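Q: only geometry, no sequence info:
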């Protein structure tokens, strides 16, 4: 045992000074010795000797196969989770939301959404729905798992008809009724668990492997979110048709969103970069987006709308009340344009 100048006592580790070639030979002998100790050791150290790229591909393949069967089981897990958990989850998020955003509800918006909910919510629903308007120029809406739905005032200002808002509302109701929040939460947790079980600790300090598994986990979770959006579109059309309500609003809303998206893309990209790689970028965003591409959604919606009867009811409140709904928090939009 040799004590180096910076050491004050003997190290329990044997220090061997050798060339790189000798080091590789010693490691090979050590691994062969470990592999002979037991079947589990043989498997572990055989994996360690594999080419890093091959190991990464193998890990992704195993994760994909296990994931397919694993997540089928997770759907069953969600079924045994009581609805009270959805409410608790939504309540906690709602407290944070309402402490950060300014609400701008009015008698007109309260009347409009109350009438719309009466029409759209399924008779056998176990959820209690409420709608509030958030002061924001962004044209968007979202739902919490407890049945609380938020519309940004920008969406109401930009809406061209009651049908559009009713269509978006039906879509958000579908998210809650189908328990997408809880299902996504269970699947996200399940993805992390599956990755850790398959890959496991102790495979060496391989950053590339961690990256591969993180990407695999992310894609699996995003794919489920993407499927949920498609399911919500389909379910919302069913809700509207069941009440003889027009289904054209959701489609026209997405068409205008597509126009908005295209305008923003064109303003952000140069003519050259728009021509180069446009197809590649589109394919990547189509796959990784938690929302299906707008064109894809429109095709699906058009197909769904054409099937079966078409609803006739296009309004739930008078034109006077609707005009008041459209102008809610309009001062925000006007101040932004100055």
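A: Here it is on my side, so go on. As the structure is a computational prediction, the values presented were derived from the model and not from experiment.

Q: so what's residue 122 up against?
A: Neighbour list for residue 122: 177, 239, 242 [criterion: Cβ atoms under 8 Å, 6 or more residues apart in numbering]. Bear in mind the C-beta positions are built from the backbone N, C-alpha and C, glycine included.

Q: 7 Å instead?
A: In this structure, residue 122 makes contact with 177, 239, judged by Cβ atoms under 7 Å, 6 or more residues apart in numbering.

Q: same deal with the one 4 residues further on?
A: Each residue near residue 126 by Cβ under 7 Å, 6+ apart is listed here: residue 83.

Q: Also residue 252?
A: Counting by Cβ under 7 Å, 6+ apart, residue 252 makes contact with 160, 164.

Q: Now do residue 245: how many residues are near it, please.
A: 24 (other Cβ atoms under 10 Å).

Q: how close does residue 322 sit to residue 85?
A: Distance from residue 322 to residue 85, counting by Cβ to Cβ, to the nearest Å: 37 Å.

Q: out of those two, which sits in the busier spot?
A: Summary of the neighbour comparison: residue 322 and residue 85, criterion other Cβ under 10 Å, with residue 322 having more neighbours (20 against 15).

Q: any idea which element the more buried one lies in?
A: Secondary structure here is read from DSSP states H and E; on that basis residue 322 sits in helix 319-326.

Q: and if you look at residue 296?
A: Remark: residue 296 resides in helix 294-306, with elements defined by DSSP H and E.

Q: distance of residue 131 from residue 112?
A: Taking Cβ to Cβ as the measure, residue 131 and residue 112 are separated by 9 Å.

Q: the more surrounded of the two?
A: Applying other Cβ under 10 Å to residue 131 and residue 112 shows that residue 112 carries more neighbours, namely 28 against 23.

Q: from memory the more buried one sits against residue 325, does it?
A: Yes. Proximity of residue 112 to residue 325 meets the contact threshold set by Cβ atoms under 7 Å, at 4.9 Å.

Q: so what's residue 170 up against?
A: By Cβ under 7 Å, 6+ apart, the contact list for residue 170 reads 120, 236, 239-240.

Q: Out of those, which comes closest to residue 304?
A: Minimum distance to residue 304 across these is 9.2 Å, recorded for residue 236 (Cβ to Cβ).

Q: How about that closest one: what's its closest non-neighbour residue?
A: For residue 236, ignoring the flanking residues on the chain, the nearest one in space by Cβ to Cβ, 6 or more residues apart in numbering is residue 170 at 3.7 Å.

Q: For the one you found, what is the enclosing helix or strand?
A: Remark: residue 170 resides in helix 162-177, with elements defined by DSSP H and E.

Q: now that helix against helix 294-306, angle please.
A: Taking axes from the mean of the first three to the mean of the last three Cα atoms, to 10 degrees, one finds that helix 162-177 is oriented at 100 degrees with respect to helix 294-306.

Q: Give me the buried positions along helix 162-177.
A: Residues of helix 162-177 classed as buried: 162-177 (neighbour count, 16 or more other Cβ atoms under 10 Å).

Q: any idea which element residue 332 lies in?
A: Assignment of secondary structure by DSSP H and E places residue 332 within helix 330-337.

Q: ok, so what distance separates the residue nearest to residue 236 from residue 20?
A: From residue 170 across to residue 20, the span is 67 Å (Cβ to Cβ).
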